[in-house]
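Asker: predicted model and sequence follow; I will ask about them next.
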Amino acid sequence: MHILYAATGGTSFFSSSWIIVVYIAFFVGIWYFMIRPQSVQQRKHQDLVKNLKKGDRVITSGGLHGIVVDAQEDVVVLRVAPKMDLTVQKSSISSVVGKVSQDDQKRLEREKAPAELDAGSVEADEKVKPS
């Protein structure tokens, strides 16, 4: 009777190997359903940002709609209204809505935004003090 009890009391190799297989399957499942889709989405966003060019209609992550006027290495100049350009980080562009038509492109070229604010008007505003 003691021999039978000793042989069945320990854990077998097959029962412990199933636990290892379950753990491996669990981590593979987490990678496939959580980590992989996120990295694919990040890669698509990097491609979108890399391929931005003049004339693209875009939406920023803050919800601003604009047209790309100039695309540099890290920043993009967006025209959000006539004669109103904003400089934003490329990483803040969330989607490209489409291209600008040729008529709109000609109109944009005619509506040049001012390169800088008039420094004299800014200094005058700073000198005004409330009474």
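Answerer: Thanks, I have the structure now. Numbers count the residues shown, from 1 in each chain.
Asker: can you pull out the low-pLDDT segments for the protein?
Answerer: Low-confidence segments of the chain, defined by pLDDT under 70: 1-15, 108, 111-131.
Asker: all helices for it, in order.
Answerer: Secondary structure of the chain by DSSP state H: the helices cover 2-9, 13-30, 36-50, 102-110, 119-127.
Asker: per-domain residue ranges of the protein.
Answerer: 2-46, 53-114 (automatic domain parsing).
Asker: dump these to TSV, plus mean neighbour count.
Answerer: In short, each C-beta sits where N, CA and C put it, glycine included. TSV is the format used below for these (neighbours: other C-beta atoms under 10 Å):
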stretch	mean neighbour count
domain 2-46	9
domain 53-114	14
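Asker: what residues are bridge-paired with residue 71?
Answerer: residue 76 (DSSP bridges).
Asker: so who does it touch?
Answerer: Contacts for residue 71 (C-beta atoms under 8 Å, 6 or more residues apart in numbering) come out as 52, 53, 54, 77, 90.
Asker: residue 86 now?
Answerer: Per C-beta under 8 Å, 6+ apart, neighbours of residue 86: 64, 66, 77, 78, 80.
Asker: try it again at 10 Å.
Answerer: Residue 86 is in contact with 60, 64, 66, 69, 76, 77, 78, 79, 80, 113, counting by C-beta atoms under 10 Å, 6 or more residues apart in numbering.
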